[in-house]
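Novice: Give the three-dimensional model of this entry:
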Amino acid sequence: MKKILLFTAIIFTATAFMHAQTKTSIKGEEVSYTSADGTNLKGYVAYNAKIKGKRPVIVVIPEWWGCNEYVRKRADMLAKLGYIAIAADFYGEGKLANDPQEAGALAGPFYGNPQLAKQRIEAAVNKVKEFPQADAAKMACIGYCFGGSMSLNAAKLGMDFKGVVSFHGGLAGVPATTGTTKAKILVCHGAADKFVSDEEVKNFRHNLDSVKVPYTFIAYPNATHAFSNPEATAVGKKFSMPIEYNEAADKKSWADMKTFFKTIF
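Specialist: Predicted structure coming up:
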């Protein structure tokens, strides 16, 4: 019995040590860079310092609140998976929105001008390419809500990503055209998302089907807009928005993303 307990203790200690090592080996860096239109941007890059050599690059586009702690957390999570990730700043100087009205005002120009959004993404790509860990031949882009819309637009505008993932993003962006879209697409959609209509879903899928763009569309039961963000429920109550966190959808969509990455890299 003592031997069994000792063996169990050794295994537990070793496992805890490995988890601690992984956690402490994640290096996060605040980075400053400039977009083509001269806007000063402040993002965040994360990678596992214990891993040697180059690895795939993931650009992470935030919700319309801006490049906050939530999107940095996602970058850290991607670093733990063995990627190098950059949380992209869209608004300049790391500006964050304090309420939906401010967020809408900041995000609006990028919905109206997809090329401006493309510039911001290209600036993030160029910055992360400066890191020796970055494998520029293997890049993907993911985004949340506003960021999901922007990542889908990036794919449909022909940016050089192996794949893009939208988490509860809007689907009414620029249309895909034959021969332009290079990236494979994964859409992680909340089946109860009141911000995205059934007609929007139908039109989005019809467009991609018509130009034969490979995509996977997954709708998670009972999941609303912003389902992946643990703070969504409190934010929804504060601002009377129909959003809330859904743990099951959050975990399943992250697992689906990991599977998707395995297929494209």
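Novice: Please count neighbours and contacts with C-alpha atoms only from this point.
Specialist: Fine.
Novice: what residues are up against the residue nearest to Ser35 when sequence neighbours are not counted?
Specialist: Once flanking residues are discounted, Ser35 sits nearest to Ala123: 5.0 Å by C-alpha to C-alpha, 6 or more residues apart in numbering. Ala123 is in contact with 33-36, counting by C-alpha atoms under 8 Å, 6 or more residues apart in numbering.
Novice: And the pLDDT for Ala123?
Specialist: pLDDT for Ala123: 98.
Novice: helix or strand for it, which one?
Specialist: helix 114-128 (DSSP states H and E).
Novice: of the contacts of Ala123, closest to Ala117?
Specialist: For the contacts of Ala123, the closest approach to Ala117 (C-alpha to C-alpha) belongs to Ser35, at 10.2 Å.
Novice: How about the contacts made by the closest one?
Specialist: 41, 119-120, 122-123.
Novice: possible to save these as a markdown table with distance to Lys262?
Specialist: A markdown table is the format used below for these (distance: C-alpha to C-alpha, whole Å):
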| residue | distance to Lys262 |
| --- | --- |
| Leu41 | 31 |
| Gln119 | 28 |
| Arg120 | 26 |
| Glu122 | 24 |
| Ala123 | 26 |
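Novice: need the helices for the chain, in chain order.
Specialist: Counting by DSSP state H, the chain has helices at residues 2-25, 69-80, 100-112, 114-128, 146-156, 198-210, 232-239, 247-264.
Novice: Indicate which one of the ones you listed is closest to Phe90.
Specialist: helix 114-128 (5.9 Å).
Novice: quick check: angle from the closest one to helix 146-156?
Specialist: In this structure, helix 114-128 runs at an angle of 90 degrees to helix 146-156, with axes from the mean of the first three to the mean of the last three C-alpha atoms, to 10 degrees as the basis.
Novice: Pull out the buried positions in helix 114-128.
Specialist: 114, 116-125, 127-128 (16 or more other C-alpha atoms under 10 Å).
Novice: now stretch 243-262
Specialist: Of the residues in stretch 243-262, those buried (16+ other C-alpha under 10 Å) are 243-246, 249-250, 253, 256-257, 260-261.
Novice: swap in stretch 223-233?
Specialist: 223-229, 232-233.
Novice: Using PDB, write out the CA atom coordinates for that stretch.
Specialist: What follows is stretch 223-233, C-alpha atoms only, in PDB (Å, rounded to 0.1, in the frame of the first residue of the first chain):
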ATOM      1  CA  ALA A 223     -25.100  29.100 -27.600                       C
ATOM      2  CA  THR A 224     -25.600  32.800 -28.000                       C
ATOM      3  CA  HIS A 225     -23.300  35.500 -29.400                       C
ATOM      4  CA  ALA A 226     -20.000  35.700 -27.500                       C
ATOM      5  CA  PHE A 227     -20.500  32.200 -26.100                       C
ATOM      6  CA  SER A 228     -16.800  31.600 -25.700                       C
ATOM      7  CA  ASN A 229     -16.100  34.500 -23.400                       C
ATOM      8  CA  PRO A 230     -16.500  33.800 -19.600                       C
ATOM      9  CA  GLU A 231     -17.300  37.400 -19.000                       C
ATOM     10  CA  ALA A 232     -20.100  37.500 -21.600                       C
ATOM     11  CA  THR A 233     -22.900  36.800 -19.100                       C
END
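Novice: that older thread, and the furthest pair within the contacts of Ala123?
Specialist: Top of the distance list for the contacts of Ala123 (C-alpha to C-alpha): Tyr33 and Ala36, 10.1 Å.
Novice: of the two, who's got more company?
Specialist: More crowded of Tyr33 and Ala36, by other C-alpha atoms under 10 Å: Tyr33, with 18 against 11.
Novice: ok, so what distance separates the residue nearest to that one when sequence neighbours are not counted from Ala219?
Specialist: Leaving aside its chain neighbours, Tyr33 sits nearest to Leu41 (5.3 Å; criterion: C-alpha to C-alpha, 6+ apart). Noted for Leu41: a distance of 33 Å to Ala219, by C-alpha to C-alpha, to the nearest Å.
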